[in-house]
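*Asks:* kindly return the folded structure for what I paste below:
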Amino acid sequence: MSIINQPNPAIRNLVVTGLEAKLAKTRQLKQGMMQELLTGRIRLV
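*Replies:* Below you'll find the predicted structure:
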């Protein structure tokens, strides 16, 4: 059984909250990387 399909809503909520936090962190990282590229502080070769 997948952890998302848990009958216990508390466990499901913890999993969803964790995934949302990971997604938010990934989006912040992506935004920061794009800002570095757009300002010219980092160059791709």
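
*Asks:* please make it C-alpha for all contacts and neighbour counts, starting now.
*Replies:* Noted.

*Asks:* can you tell me how far the residue nearest the centre of the chain sits from residue 15?
*Replies:* The residue lying closest to the centre of the chain (CA atoms, centre = their mean) is residue 23, at 1.7 Å. Here the distance between residue 23 and residue 15 works out to 12 Å (CA to CA, to the nearest Å).

*Asks:* shaky segments in this structure?
*Replies:* 1-4 (pLDDT under 70).

*Asks:* hey, where'd the helices end up in it?
*Replies:* 9-39 (DSSP state H).

*Asks:* and residue 16, how many neighbours?
*Replies:* 13 (other CA atoms under 10 Å).

*Asks:* distance of it from residue 5?
*Replies:* Computed as CA to CA, the residue 16 to residue 5 distance reads 11 Å.

*Asks:* now do residue 26
*Replies:* For residue 26, the distance to residue 5 - CA to CA - is 24 Å.

*Asks:* ok, residue 20 next?
*Replies:* In terms of CA to CA, residue 20 sits 17 Å off from residue 5.

*Asks:* go on, residue 14?
*Replies:* Between residue 14 and residue 5 the distance is 13 Å, computed by CA to CA.

*Asks:* before we move on, what about residue 45?
*Replies:* Distance of residue 45 to residue 5, given as CA to CA: 45 Å.
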